[in-house]
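K.L.:
sequence? don't have it. structure:
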């Protein structure tokens, strides 16, 4: 089946790593990803190689790049997006003369890549970047949410020599695909919210995490958490950097929890914390949305976290219980680090600590 798209184009190069898109309405993204959606938004794209100047090696790099996309999983374990090779979007090599790395065009159903490069990581990054444009993605910053060093797929205005050496999805890539194509209500700004990829992208504070392969609230997988301190200080967490361009955004926390046995005292809560981000100056002249002007080389947040919103500590039984905070707004900063924290503890009558179960944990954005 041949896929064609609404009129959209984006361009990718040292000064602009994208495609050539005439983008209409926008909804917000995150740092290394930035919360916006362009008018290309198909999560399932069929594609084919076009032209006679391909080598088998370059074809292999492009296939490997596209194959990573279906590793991003929704809360229930299903792939958020997929690029399937058969017929459809034509992927070709072009001799660009203006330092462009790649282009994607929705109306024409094409992806064009710079044929002059002969390095695997160039094609891993640029091919996936252009394909994600056709799936709805916009440009973001070059400092990913995990360590602030490895530029995620949708970063722009960087030299290809600074691309990641690994052909896989960064935390921000997974989070952005979750934001774009999850079947959950609202927009989610974190990755692996259903723990369907184990504990990947998460961290733990004062507690031990146990991965479980069956019995989750949405998909089969979930985690057990064995607190090493109180229910108010032991938690699992994930951080996302979200560039909002000074516009107001609203956040809330949502997750599921349950006790593993009826004779346990099991309590849980969720909280959202934040720190402010400052864009670099001056504007770098690259193509961003929503008043974002230069999220590369930002002033990263430091110091204490500020509590934004959360739930009270709540008793949970042996069935999955949904816990959700109210919405709370933030405005005025260029962007924010948003950290979702899921707290909990389960104990026997004698105080022996047991596991409490968590699933589908995230911060929603509005």
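P.N.:
Arrived safely. This structure is a prediction, so every number in the text was calculated from the model and none was measured.

K.L.:
give me the helix or strand of the chain that scores worst on average pLDDT.
P.N.:
strand 19-20 (a mean of 32; mean pLDDT, DSSP states H and E).

K.L.:
output the contacting helices and strands for the lengthiest helix in the chain.
P.N.:
Taking DSSP state H as the criterion, the chain has its longest helix at helix 120-134. On a contact count with 3 or more CB pairs under 8 Å, 6 or more residues apart in numbering; DSSP states H and E, helix 120-134 meets strand 9-13, strand 19-20, strand 44-49, helix 56-67, strand 100-105, strand 110-114, helix 171-181. Just so you know, the C-beta spots here come from the backbone N, C-alpha and C atoms, and that holds for glycine as well.

K.L.:
now the element after the longest one, going C-ward?
P.N.:
On the C-terminal side of helix 56-67, the nearest following helix or strand under DSSP states H and E is strand 82-85.

K.L.:
same question for that following strand, mean pLDDT?
P.N.:
Within the predicted structure, the mean pLDDT of strand 82-85 is 97.

K.L.:
for it, packing partners?
P.N.:
So strand 82-85, by 3+ CB pairs under 8 Å, 6+ apart, packs with strand 44-49, helix 56-67.

K.L.:
run through who's touching the helix or strand just after that strand.
P.N.:
Sequence-wise, the next helix or strand downstream of strand 82-85 (DSSP H and E) is strand 89-94. Outside strand 89-94, the residues that touch it by CB atoms under 8 Å, 6 or more residues apart in numbering are 3, 45-51, 53-54, 58, 62, 103, 109-115, 127, 134.

K.L.:
tell me what angle strand 89-94 forms with helix 56-67.
P.N.:
Orientation check (axes from the mean of the first three to the mean of the last three CA atoms, to 10 degrees): strand 89-94 against helix 56-67 gives 140 degrees.

K.L.:
what's the mean pLDDT across strand 89-94?
P.N.:
Per-region confidence: strand 89-94 scores 97 on mean pLDDT.

K.L.:
do stretch 346-354 as well
P.N.:
The average pLDDT within stretch 346-354 is 97.

K.L.:
spell out for me which residue occupies the centre of this structure.
P.N.:
Residue closest to the mean C-alpha point of the chain, counted by CA atoms, centre = their mean, is residue 175 at 1.3 Å.

K.L.:
how about that one, nearest residue that isn't a chain neighbour?
P.N.:
Distances taken as CB to CB, 6 or more residues apart in numbering place residue 191 nearest to residue 175, at 4.1 Å, with adjacent residues excluded.

K.L.:
measure that neighbour to residue 126 for me?
P.N.:
Here the criterion is CB to CB, to the nearest Å. By it, residue 191 lies 22 Å from residue 126.
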